[in-house]
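> Build me a structure from this.
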Amino acid sequence: MKRRAERPPAKKVPALDGRSRQVLEALIQHHVLTAQPVGSETIARNFGIGTSSATIRNVMADLEEQGYLTHRHTSAGRLPTDRGYRVYVDTLKDVQRLSEQERERIEREYNAKRAELDDVLKGTSQLLAMLSNVAGVALRPTPAHAAPQRTELVVEGSSNVLNQPEFSDLGKVQALFRLIDEKRELSRAMAETIEEGAHVKVSIGAENRLPAIRECSLVTKTYAAGGRSVGVIGILGPMRMDYDKMVALVDHMAGVVSRSLREGTDRPA
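The predicted structure follows:
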């Protein structure tokens, strides 16, 4: 069954008219594919919106004024802001399903690794990183009221971040890698989502409280054991990501982890 991504409750997004939404959605979809600024002629030529590039240019100017788009000094094209991405994620009509090949691959991996919790979470992070091409993260269950420690967060695929054009700035990469390597603050940020419900949560840009990931998106979902949410898995990458695919991936894998843990406890000793 297709699912919708959960919106953080404190964020309220002003309404956009239909044409503005169409232009914003087309721009984000093209930017996700190319990692380049997008111009009005590109949208008019490739997305069948049914209006001229001049009209689209005016709509883009309005979107920029409202904070949904921005631009670089060296380019006439526009880029989505974290606010623009938020509107896009909140208005996803359907979250795509994983392909049959992806589902089969996940099942094979879990059938082979269904053993200790550490193995399950390490395998989960590796699969998330491999299928998303960004970093996969998994938080071990923690005792109630216990502060997360270094060893409780599993991170795989952090080197994938280096391949993303958004992280060509050495300072940004160093700050992000320090956060990942130290793990404590990221563990705490993920642990906070355990009490926020069982839906997929998407935190975009400045919605993240940690400065090192305020140009990133964190897509997470809790997994369950013993009938309650006990840990979190997710992916960490640039704001420019295929959100409907990433939401589907995290949603599916959280369910597989929960099932794996349940079947592990149900097996006779």
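
> which residues of the protein score low on pLDDT?
Counting by pLDDT under 70, the low-confidence segments of the chain come to 1-14, 74-75, 93-96, 109-116, 142-151, 197, 263-269.

> can you rerun that using 50?
Residues of the chain meeting the criterion pLDDT under 50: 1-2, 10-11, 13, 145-151, 267-269.

> Let me see the ranges of the strands in the chain.
Ranges of strands in the chain, per DSSP state E, are 69-70, 79-80, 135-139, 153-156, 201-204, 216-225, 228-238.

> just these: most buried one?
strand 135-139 (a mean of 28; mean count of other CB atoms under 10 Å). All C-beta spots, glycine's among them, are computed from the backbone N, C-alpha and C.

> Check which helices and strands that strand is in contact with.
Applying 3 or more CB pairs under 8 Å, 6 or more residues apart in numbering; DSSP states H and E, one finds that strand 135-139 makes contact with helix 117-132, strand 153-156, helix 184-191, strand 228-238.

> of all the strands of the chain, which lies closest to A248?
Nearest of the strands of the chain to A248, taken as CB to CB: strand 216-225 at 10.1 Å.

> what angle do that closest one and strand 135-139 make?
40 degrees (axes from the mean of the first three to the mean of the last three CA atoms, to 10 degrees).

> For strand 216-225, name the packing helices and strands.
helix 184-191, strand 201-204, strand 228-238, helix 243-266.

> thinking again about what came up before, dump the strands of the chain to TSV, plus distance to V89.
Shown next, in TSV, are the strands of the chain (distance: least, CB to CB, whole Å):
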stretch	distance to V89
strand 69-70	16
strand 79-80	11
strand 135-139	19
strand 153-156	23
strand 201-204	5
strand 216-225	9
strand 228-238	14
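
> List the backbone torsions phi and psi for the residue nearest to D251 when sequence neighbours are not counted.
Distance criterion CB to CB, 6 or more residues apart in numbering; nearest residue to D251, sequence neighbours excluded, is V200 at 5.0 Å. When read as degrees, to the nearest 10, the backbone of V200 gives phi -70, psi 130.
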